[in-house]
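Engineer: sequence and predicted model, in that order:
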Amino acid sequence: MTEYLLIALALLGVLILGGLGLVVSRLRRRPEPPLPETEVDTRPGRDLAGPPVEAPEAELSTGILVEPPPVVEAPPVVEMPEPTAGRLVRLRTRLSRSQNAFGKGLLGLLSRDHLDEDTWEEIEDSLITADVGIDATRDIVDRLRERTRVLGTRSATELRALLAAELVDALDPALDRSLRTAPKDGVPAVVLVVGVNGAGKTTTCGKIARVLVADGRSVLLGAADTFRAAAADQLQTWGGRVGAETVRGPEAADPASVAFDAVKRGIDTGVDTVLIDTAGRLQNKVGLMDELGKVKRVVSKHGPIDETLLVLDATTGQNGLEQARVFTEVVNVTGVVLTKLDGTAKGGIVIAVQRKLGIPVKLVGLGEGKDDLAPFDPAQFVDALLGTEPLARDA
Ligand SMILES: Nc1nc2c(ncn2[C@@H]2O[C@H](COP(=O)(O)OP(=O)(O)O)[C@@H](O)[C@H]2O)c(=O)[nH]1
Ligand SMILES: [Mg+2]
């Protein structure tokens, strides 16, 4: 028994001495510049990599042969994003919060006792104010008036339903809004993301990558915005979180060659989808057209581009629409992503965008959060746009 005690004491002594030695050597070394800080990821899921390896130096300096735990290269922590099903419903509150005044105003007008000429004009005004666009507004209001007259509709509940139906109709619910991201014959699908600076392209690329990964797809990102190194860093950060590789070139590299390399790498590594983020400086329209046109041509050498998404900032309203047209002239835009709908009371822009560009809105951005991107669904969207609060009063 005493033997054990002695051994334990001896061990303790050696440990203390070793520890002291380490402290002293640390003190002596003090003038040296500190080592660069390692980034520590404290997110949940970290513990999968096993307990942290603590102070192996102290153990070694005691002279006791304590086998250090094997140094395992910790696997990068890959996040599993939430599934997309029901996202628009989940994000609905965010949308209705920003659209509240619009929805309330409209429904307030519809619940007036007499829908006289002035009231119809006010209804028109609120739709135009919400960026629905003049032509679409006229159509919607004309049809609503007609149906109200024919049906002899009176109650606010019925009127709300009629208005909702007209708005949904204006959004062309039959349009194909699916994203073509599935590989064909072992060749990855290529998705090109375009739009003006600040619209939310890089963020959207990142969010889409998460959606695809959540659906069990493998993704590669191409940082063809080579204007600022920070742009590629930003994209790489998004990719890193979900384990997606990012192909980037040196600063000021030719965007087309980066895009080409990205697709090539995607083919070589056998990923399902290659997402290409581009730059969108509009100061020089000709330059931008040239650059994008070249990206498109060069990437097409590998095969046709499956999806070209135009990212539009909903808060820029009708101005954004004008800019959008430039892009549709250079690339074959197959879908629109309308971002920042959480930050505007002008959700009607969705209607105007589709009508003016003749391209379906496929996705909507509803926040800066990593999963704040939802597939666009006309009926759910209109529901959120109108909100339901005034109905409660009506019942
Ligand atoms: N509120 C909100 N902000 C967004 C949304 N999408 C992007 N952003 C923000 O818009 C800013 C510009 O985004 P970024 O992706 O860098 O734009 P890019 O220049 O087109 O690549 C960033 O601060 C994003 O967080 C969205 O749906 N809602
Ligand atoms: Mg960007």
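Structural biologist: The structure has been received and is ready for your questions. This is a predicted model, so every value here is computed, not measured. Residues are numbered from 1 along each chain as shown. Ligands and ions are numbered 1, 2, ... in the order given.
Engineer: buried set for the strand or helix carrying K362?
Structural biologist: Per DSSP states H and E: K362 is located in strand 361-365. By 16 or more other C-beta atoms under 10 Å, the buried positions in strand 361-365 come out as 361-365. Glycine gets a C-beta too; all of them are placed from N, C-alpha and C.
Engineer: any idea which of those residues is closest to ligand 2?
Structural biologist: For the buried residues of strand 361-365, the minimum distance to ligand 2 (C-beta to the ion) is 13.4 Å, reached by G365.
Engineer: how about the closest one: what's its closest non-neighbour residue?
Structural biologist: T339 (3.4 Å; C-beta to C-beta, 6 or more residues apart in numbering).
Engineer: same deal with R145?
Structural biologist: Setting aside the residues directly before and after it, R145 is nearest to W120 in space (C-beta to C-beta, 6+ apart), at 6.2 Å.
Engineer: next: L115.
Structural biologist: The spatially closest residue to L115, leaving aside those adjacent along the chain, is T148, at 6.7 Å (C-beta to C-beta, 6+ apart).
Engineer: check V89 too.
Structural biologist: Taking C-beta to C-beta, 6+ apart, and ignoring the residues beside it in sequence, V89 has Q380 as its nearest neighbour in space, at 6.3 Å.
Engineer: do you know how far that neighbour is from ligand 2?
Structural biologist: Plainly put, Q380 is 28 Å away from ligand 2 if you go by C-beta to the ion, to the nearest Å.
Engineer: quick one, what contacts the one residue in the stretch 251-395 of the chain that gets nearest to ligand 1?
Structural biologist: The nearest approach of the stretch 251-395 of the chain to ligand 1 comes at G365, 2.4 Å away (C-beta to the nearest ligand atom). Contacts were defined as C-beta atoms under 8 Å, 6 or more residues apart in numbering; by that measure G365 touches 200, 203-204, 207, 337-342, 372-373.
Engineer: how does it look with 6 Å?
Structural biologist: G365 makes contact with 200, 339-340, 373 under the criterion C-beta atoms under 6 Å, 6 or more residues apart in numbering.
Engineer: for D306, same thing?
Structural biologist: Residues near D306 by C-beta under 6 Å, 6+ apart: 180, 189-190.
Engineer: most neighbours, which of those residues?
Structural biologist: Highest neighbour count within these: V190, with 28 neighbours (other C-beta atoms under 10 Å).
Engineer: assign that one to helix, strand or coil.
Structural biologist: When the structure is reduced to helix, strand and coil (DSSP: H, G, I helix; E, B strand; the rest coil), V190 reads as strand.
Engineer: residues touching it, list them.
Structural biologist: Taking C-beta under 6 Å, 6+ apart as the definition of contact, the neighbours of V190 are 263, 274, 305-306.
Engineer: tell me the residues of the chain that contact ligand 2?
Structural biologist: Contact residues (C-beta under 5 Å from the ion) of the chain with ligand 2: 201-202, 231.
Engineer: neighbours of the residue nearest to K301 when sequence neighbours are not counted, how many?
Structural biologist: Leaving aside its sequence neighbours, K301 sits nearest to F260 (C-beta to C-beta, 6+ apart; 7.0 Å). The criterion is other C-beta under 10 Å. On that basis, F260 has 23 neighbouring residues.
Engineer: F260 and K296 touch, don't they?
Structural biologist: No - with contacts counted by C-beta atoms under 6 Å, F260 stays clear of K296, the gap being 11.0 Å.
Engineer: ranges for the strands of this protein?
Structural biologist: In chain order, the chain shows strands spanning 189-194, 219-223, 245-248, 273-277, 307-313, 335-339, 361-365, 373-375, with DSSP state E as the criterion.
Engineer: so can I have TSV of the ones you listed showing mean pLDDT?
Structural biologist: TSV is the format used below for the strands of the chain (pLDDT from 0 to 100):
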stretch	mean pLDDT
strand 189-194	98
strand 219-223	98
strand 245-248	98
strand 273-277	98
strand 307-313	97
strand 335-339	97
strand 361-365	96
strand 373-375	93
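Engineer: G103 is nearest to which of those?
Structural biologist: Checking the strands of the chain against G103 by C-beta to C-beta gives strand 361-365 as the closest, at 16.6 Å.
Engineer: what residues does the stretch 101-250 of the chain have near ligand 1?
Structural biologist: For the stretch 101-250 of the chain, the residues in contact with ligand 1 (C-beta under 6 Å from any ligand atom) are 195, 197-203.
Engineer: ok, back up a step: what's the closest of the strands of the chain to L115?
Structural biologist: Closest approach to L115 among those (C-beta to C-beta): strand 361-365, 30.2 Å.
Engineer: listing partners with orientation, what would you give for the closest one?
Structural biologist: Strand 361-365 has the following strand partners under DSSP bridges: strand 335-339 (parallel), strand 373-375 (antiparallel).
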